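1. Next come a sequence and a model predicted from it.
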Amino acid sequence: MESTNTPTLEQFQQQVSELLLRHRSLLDVMSKFGQSGASVNRAVTKAVTDCGCIELNARKQHYSDKPDLETAKETLQSHLSGSLCEHCNEALKTELGRNLFYMTALCNLLQINLNEVVAEEHNKCSTLGLFNLT
Ligand SMILES: [Zn+2]
């Protein structure tokens, strides 16, 4: 369900900073960040192996000599078929949210501005363009 009052990154970072009482230690936050990342992968895995709403059929990628976007889109495969059912979609959003929470908490402890992280990555993607895919 889409929220109508999505916070800005600044608001979210501030909220995380206020909520983070239990896991104040850098080590706790680092390990929770890693654990929540593993839970994201686990939720994707369960969508394949328990639910079956998505399927994975992976094989070797065949890269083209022509480094243009259209050729790459045609040649490179996601190895994914189907789409997430409502249940798996919700489960995955929950895990991604927890992962984002701990990433934000890590930013807070190390005084990194989340908005700058997104802005710098956005600029990097714009500059690198297609070559970012490799
Ligand atoms: Zn499913």
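-> Cool, got the structure.

2. Please report how far Val118 lies from Met103.
-> To Met103, Val118 is 11 Å away according to C-beta to C-beta, to the nearest Å. Placement of C-beta: from N, CA and C, glycine included.

3. between these two, which one's more packed in?
-> Shown here are Val118 and Met103; by other C-beta atoms under 10 Å, Met103 has more neighbours (18 against 11).

4. just to confirm, which helix or strand has the more buried one in it?
-> helix 86-109 (DSSP states H and E).

5. That helix close to the ion?
-> Yes: against the ion, helix 86-109 shows contacts by C-beta under 5 Å from the ion at Cys88.

6. Now the helix or strand following that helix: buried residues?
-> Using DSSP H and E, the next helix or strand after helix 86-109 towards the C-terminus is helix 114-128. Buried positions in helix 114-128, judged by neighbour count with 16 or more other C-beta atoms under 10 Å: Leu114.

7. just stretch 45-55 next, same as before
-> For stretch 45-55, by 16+ other C-beta under 10 Å, it's Ala47.

8. start to end distance for it?
-> 10 Å (C-alpha to C-alpha, to the nearest Å).

9. mean confidence score for it?
-> In this model, stretch 45-55 has a mean pLDDT of 97.
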